[in-house]
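Q: 3D, please:
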Amino acid sequence: MNNVGLVNALRRTSGLLAKRDIRSAAATFYHQPFPQLGLAGMLGDDAAVLPAQSGQLLLACEGMNPELVEEDPWFAGWSGVLVNLSDIAAMGGRPLALVNSVWSGHVEGMSSLLDGMRFACDRFGVPMVGGHSNQQSFYQALSVSVLGVAEGPVLSARAARSGDELWMLVNKTGGFYRHYPFWDAATHAPPERLRAQLALMPTLAAERLVHAAKDISMGGITGTAVMFAEACGHQLILDLDAVERPEDIRDEAWLTCFPSFGYLLAVAPSRTAALTQLISRDSTLICCRVGHFAMGDCSVLLQHSGETHHFWDGGDPLTGFGCVR
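A: Reported below is the predicted structural model:
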């Protein structure tokens, strides 16, 4: 092969041409998320540089439902950021930065995913600092990861104790998004409210009003209760009649949805008055006692209309990440 042929062959290598898939992300996200870091803090290097932190680092990741990614890529992008930020807040942390991995067969699908993520990053004030892009895929997929820091106490679900009260903290504004089990209290909310609520969990941890928590995930309130009980190793009694909800929302829909901003909290009885006083400053939030933790295995009992139902057997692991005795 002569020199021209070699150069042309090198120019056509798939490894080189595939790098053009990054251009969509480069056109979407801000290139200098941390101006104080200068050139080293700009996006495009092999790894992102973040400002030094004091505290314990928190790392979380979510892979989005393939059906949602295909049907509504913008909302999948938005949700990929939102659920990660919720996971960091649930641990009493503050999010620092996000990364993503995107697979798509065309620019349009990838652009919608990226646009949804960019919208969420802007609303919450948390930068996207890197990731992986592939526009040569025969399917669409999205995974998002977040790095955070807990500058005060970490709210581990394993810290719940027998005798603690179980409280629910949820944003009640909004409505269900399309046909999905997703209570959307965020896409139309003002950024200042979103950021203030995201900072609320670290405040509750710092003021010792809450010592254990779980983000209400896609398992809903009841599914999250099982994970909470499994993590701490105590029985959890959940009073369904005490679960407050927006008007005209069916029990099953509310109990099984992802609520955008929603947490189950373990609270010492002596701290409940201070908790409700602090939360009452935000009229968009529901904060109510919905049960308690008791001695025994990590089973979950549901109380409803004067009856008690055995919802989950403590001997049957849900996630496999149980308590440490």
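Q: show me the contacts for the closest residue to residue 177 other than its chain neighbours.
A: Spatial nearest neighbour of residue 177, chain neighbours left out: residue 184 (4.1 Å); criterion: CB to CB, 6 or more residues apart in numbering. Backbone N, C-alpha and C define where each C-beta goes, glycine included. With contact set as CB atoms under 8 Å, 6 or more residues apart in numbering, residue 184 has these partners: 174, 175, 176, 177, 260.
Q: partners of residue 184 in the sheet?
A: Under DSSP bridges, the beta-bridge partners of residue 184 are residue 175.
Q: distance of it from residue 270?
A: The gap separating residue 184 from residue 270 is 35 Å, by CB to CB, to the nearest Å.
Q: go on, residue 231?
A: From residue 231 to residue 270 the distance is 23 Å (CB to CB).
Q: So the two - more neighbours on which side?
A: residue 231 (22 against 7; other CB atoms under 10 Å).
Q: wait, isn't the more buried one in contact with residue 317?
A: No - using CB atoms under 8 Å, residue 231 is not in contact with residue 317; the gap is 11.1 Å.
Q: most surrounded residue in the contacts of residue 184?
A: residue 260 (24 neighbours).
Q: contacting residues around the nearest residue to that residue once chain neighbours are set aside?
A: Excluding the flanking residues, the one nearest residue 260 by CB to CB, 6+ apart is residue 185, at 4.1 Å. When contacts are counted by CB under 8 Å, 6+ apart, residue 185 touches 171, 172, 173, 174, 259, 260, 261, 284.
Q: got it, and residue 32?
A: With CB under 8 Å, 6+ apart, residue 32 has these contacts: 41, 42, 43.
Q: Correct me if wrong, but it is in a strand.
A: No - counting by DSSP: H, G, I helix; E, B strand; the rest coil, residue 32 is not found in a strand; it is coil.
Q: Quick check, pLDDT for it.
A: As predicted, residue 32 sits at a pLDDT of 91.
Q: now residue 316
A: 80.
Q: That one: how many residues sit nearby?
A: Per other CB under 10 Å, the neighbour tally for residue 316 reads 10.
Q: In a helix, it, correct?
A: No - the assignment for residue 316 by three-state DSSP gives coil, which leaves it out of any helix.
Q: May I have the phi/psi pair for it?
A: For residue 316, the backbone dihedrals are phi -110, psi 100 (criterion: degrees, to the nearest 10).
Q: got it, and residue 300?
A: Torsion angles, degrees, to the nearest 10, at residue 300: phi -120, psi 130.
Q: Burial check on residue 207, number of neighbours?
A: Residues near residue 207, counting by other CB under 10 Å, number 14.
Q: got a list of what it touches?
A: Taking CB under 8 Å, 6+ apart, we find residue 207 in contact with 274, 278.
Q: Any figure for the gap between it and residue 156?
A: Where residue 156 is concerned, residue 207 sits at a distance of 17 Å (CB to CB).
Q: Helices of the stretch 51-200 of the chain, residue ranges please.
A: Assigned by DSSP state H, counting those that start in this stretch, the stretch 51-200 of the chain shows helices spanning 66-71, 73-90, 107-124, 191-198, 200-206.
Q: Next, format the ones you listed as a markdown table and append distance to residue 11.
A: Output for the helices of the stretch 51-200 of the chain, formatted as a markdown table (distance: least, CB to CB, whole Å):
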| stretch | distance to residue 11 |
| --- | --- |
| helix 66-71 | 33 |
| helix 73-90 | 32 |
| helix 107-124 | 22 |
| helix 191-198 | 45 |
| helix 200-206 | 51 |
